[in-house]
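> Give the three-dimensional model of this entry:
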Amino acid sequence: MDDLTASEVCIVDGVDEQPVLRARAQRLLSRIRADRVRRVSDEELDETVRTRGLNKRARHGMKPDFLPVIILNRFRLDDPPEVREARKARFPA
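Residues are numbered from 1 along each chain as shown. Sure, this is the predicted structure:
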């Protein structure tokens, strides 16, 4: 894998709690060069997405000086539908 350069890496709460995800995150982080690495809650992730415009579908690859925000997240497939819907309503971004 080639090294990746990013402006920021956001590690969502819960990634460190599962051994497989923790190992994957550590493997990826060893090849990511970022100005900032931080742990974020769902609320902080939603705020980051909105303030940085990550949900605007811009063509970032067209900008030579663009540095992405890398988000290391986890699947929550075991959550019941009502929990997923409540999270989506609370954190729409």
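> from here on, contacts and neighbour counts on C-alpha atoms
Will do.
> what about the most centrally placed residue in the chain, helix or strand, and which?
Nearest residue to the geometric centre of the chain (C-alpha atoms, centre = their mean): I71, 1.8 Å. Assessed by DSSP states H and E, I71 sits inside strand 69-72.
> Identify the residues contacting that strand?
Strand 69-72 is touched from outside by 6-12, 15, 25, with contacts defined as C-alpha atoms under 8 Å, 6 or more residues apart in numbering.
> continuing past that strand, what's the next helix or strand?
Criterion used, DSSP H and E; the element after strand 69-72 is helix 81-90.
> what's the average pLDDT for stretch 24-32?
Stretch 24-32 shows a mean pLDDT of 96.
> do stretch 82-93 as well
87.
> From the chain's centroid, how far away is it?
16 Å (C-alpha atoms, centre = their mean, to the nearest Å).
> That stretch: which residues count as buried?
A93 (16 or more other C-alpha atoms under 10 Å).
> Same check on stretch 25-33?
Using 16+ other C-alpha under 10 Å as the test for burial, stretch 25-33 gives 25, 29, 32.
> How about stretch 35-43?
Across stretch 35-43, burial judged by 16+ other C-alpha under 10 Å covers 37, 39-40.
> Now the terminal residues of it, how far apart.
Using C-alpha to C-alpha, to the nearest Å, the end-to-end distance of stretch 35-43 comes out at 21 Å.
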